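1. Sequence plus the predicted model coming up.
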Amino acid sequence: MCGIVGYVGNKEVVPLIIEGLRRLEYRGYDSAGIAVGGNGAAFALRRAPGKLKNLEEVIREHPLQGTYGIGHTRWATHGRPTEENAHPHRDCTGRIVVVHNGIVENYLALKHELAADGHKFVTETDTEIIAHLIEQEIASAAASGKTMLLEEAVRRAARRLTGAYAICVLSANDPDKIVVARNGPPVVVGLGDGEYFVASDVPGILHHTRNLYFLADGDVAILARSGVELTDLEGNRIERPVQRILWDPIQAEKGGYKHFMLKEIFEQPRAIRDTTLGRISLDSGKVFLEEMKISDEEFRKTGKINIAACGTSWHAATAGKFMIERLARIPVEVDYASEYRYRDPITDPSAIGVLITQSGETADTIAAQREMIAKGSKTIAICNVVGAMIAREAHGAIYTHAGPEIGVASTKAFTAQLVAVFLFAMHLAQRRGTITEDESRTLLEGLNLLPGKVDEVLRSADSVCEQLAKIYSNARDFLFLGRGIHYPIALEGALKLKEISYIHAEGYPAGEMKHGPNALIDETLPVVVLATKDESNRDSRLRYEKTLSNIQEVTARSGKVIAVAIEGDEHIKQLVDHVLYVPSAPELLLPVLDVVPLQLLAYHIAVRRGCDVDQPRNLAKSVTVE
């Protein structure tokens, strides 16, 4: 949520910042603003509620120029999405400006204290107090006959903040400098040739540099024309490795697709292939996960796996529970990361924690990870961003290599997560000796064929889903049903539909229908049923038969059924209104195929309803505050 872009150099700063903010629009926002400095004067600010185009219109009417500045897209937490509450925010003098991602939890106490000292506030936000805190630190030093550098004032102010923050600060008294501090929300600093950049996410500056510092909690960065200096909050110099980003910036462009979401749905074969690449041997049936600081002996001795995740990643985690328990024969507990640390979880040092997050910066998931570590567990991160906070704090990382995902509703990152957690389940099973070499080879052969099969689904289901959207785009409610490992995919299908089309949708275990949801079924309710099966798996065949019974429960009450089934299943055609076919695959890999038509169905319904598919209302791509 929220976007930050800043620049110090020789170029005209306004188009550079606006371009960077546009590349961060996918994170979600409801107002935008920019501050530009130069010539030792107070800063020129332009702000506007709504989309970035509104800010651009304000700038056209009232131009501004400079070679250093900061810009921000805000997702409202404290205060309405108005011009007044949009960032950047100023102190009393107008010579200090701040942009901020996160939430200052003690802002009311600080605001009362500052107001008592004579500070005047003009917004409803928690961010404004940061500018006044910095002003107060500089003024206190001046009253003692001392001159305080901006970076020292920022460090002192940051030490007084409770909560999550990523802040960028400018001062007209200390020109050509940006001071950055991080505690929670992500910040990257870009290194150019005589120019330096800061952003809340890589795409914001990737067109200008591939060499980045990923700041850690407690880091302060000082960007000036002479270079970048990193310190901690006490002012001690620190070193961070420079990370070179290998993404091609063109990956973050639409590439001819109408929406980023559609492009990312069609990128799934490549994302799955890249996540698997170099990690499996079809000859030996072995899985290789190199970035692990957990020994084979520790994997053998662990008595439990605890997984924490949020949203779409929680659905991948829930599917992962089935994979790990089936293959490694070890109990798995799955938690919403936002709830984990607040329930005082019972664990032990032999348990291994797994955190699943697309960005690697999700605040709730990082908090869950730290709770696990505090209780003595080693942790493994599954994420899509190399160098992200959650990977740096983990004892092992499985990167999904899906590439940048711009659409707020996750698609390719989800299927890549399913593949990553499957690889982890295989790795764990092989270390524990709970799977034979023949079983391993069979499963990895199935995994190797997945990209081609997903491509088949994309080619066959896209036009069918577009036609279904014409029939069901006016529905008020949807129900998604699945059994076993297909249940979390039903949840994911419901989430995708509600996220981007704003239709109320619910995922349910198919076996629970007669325990309540049957009361909802009538001729106006579309019901999507996951009815795929693995013919070689007895349990899968049994679940399929039970699912057919659930379908008949729905049709007997005049419900409209859309089934996802295996190619060649002619019997199901007799029972349902519509069928979306997918190729056959091993039971534990079917979720990757199941979800693709559900993504396409949600997409086409949202498009037909005229919704903003890439940036659905009230949602942010990366949730960096609790």
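-> Yep, it's here.

2. and the closest residue to Tyr29 other than its chain neighbours, helix, strand or coil?
-> Of all residues not flanking Tyr29 in the chain, Thr73 sits nearest, at 3.6 Å (Cβ to Cβ, 6 or more residues apart in numbering). All C-beta spots, glycine's among them, are computed from the backbone N, C-alpha and C. Classification of Thr73 by DSSP: H, G, I helix; E, B strand; the rest coil places it in strand.

3. wait, doesn't Thr73 sit right on Gly20?
-> No: taking contacts as Cβ atoms under 8 Å, Thr73 lies outside contact range of Gly20: 10.0 Å.

4. what is in contact with these two at once?
-> Counting by Cβ atoms under 8 Å, 6 or more residues apart in numbering, the shared contacts of Thr73 and Gly20 are Gly3.

5. Could you list the low-pLDDT ranges of the stretch 51-200 of the chain?
-> By pLDDT under 70, the weakly predicted segments of the stretch 51-200 of the chain are 76-79.

6. Repeat that for the chain.
-> Low-confidence regions of the chain, defined by pLDDT under 70, span residues 1, 26-28, 38-42, 76-79, 247-255, 620-626.

7. what's the residue lying farthest from the centre of it in contact with, if anything?
-> Going by Cα atoms, centre = their mean, the residue of the chain most distant from its centre is Gly145, 47.5 Å out. With contact set as Cβ under 8 Å, 6+ apart, Gly145 has no partners.

8. Quick check: buried residues in stretch 63-79?
-> By 16 or more other Cβ atoms under 10 Å, the buried positions in stretch 63-79 come out as 64, 66-76, 79.

9. Show me how far it is from its chain's centre.
-> Relative to its chain's centre, stretch 63-79 lies at 22 Å (Cα atoms, centre = their mean, to the nearest Å).

10. tell me the SS of Lys146?
-> coil.

11. what number of residues lie near it?
-> 9 (other Cβ atoms under 10 Å).

12. counting residues per helix, which one in this protein is longest?
-> If you go by DSSP state H, the chain has its longest helix at helix 437-472.

13. Name the next helix or strand downstream of that one, please.
-> Per DSSP states H and E, helix 437-472 leads on to strand 477-482 as the next helix or strand towards the C-terminus.

14. Which neighbouring elements make contact with that following strand?
-> In terms of contacts (3 or more Cβ pairs under 8 Å, 6 or more residues apart in numbering; DSSP states H and E), strand 477-482 is packed against helix 487-501, strand 504-509, strand 526-530, helix 538-555.

15. isn't Thr526 right next to Ser558, touching?
-> Careful, residue 526 is Pro; it's not Thr. No: in this structure Pro526 lies outside contact range of Ser558 using Cβ under 8 Å: 11.7 Å.

16. With neighbour numbers in mind, choose between these two.
-> Taking neighbours as other Cβ under 10 Å, Pro526 and Ser558 compare with Pro526 leading, 25 against 11.

17. Just give me the closest of the buried residues of stretch 63-79 to Ser359.
-> Among the buried residues of stretch 63-79, Trp75 lies closest to Ser359 (Cβ to Cβ), at 14.5 Å.

18. ok, back up a step: please report the distance of the residue nearest to Tyr29 from Asn85.
-> 13 Å (Cβ to Cβ, to the nearest Å).

19. Let me see the contact set for the nearest residue to Asp201 once chain neighbours are set aside.
-> Take Asp201 and drop its neighbours on the chain: the residue closest to it by Cβ to Cβ, 6+ apart is Leu24, 5.9 Å away. For Leu24, the contacting residues are Gly3, Ile4, Val5, Thr73, Ala199, Ser200, Asp201, Pro203, Gly204, by Cβ under 8 Å, 6+ apart.
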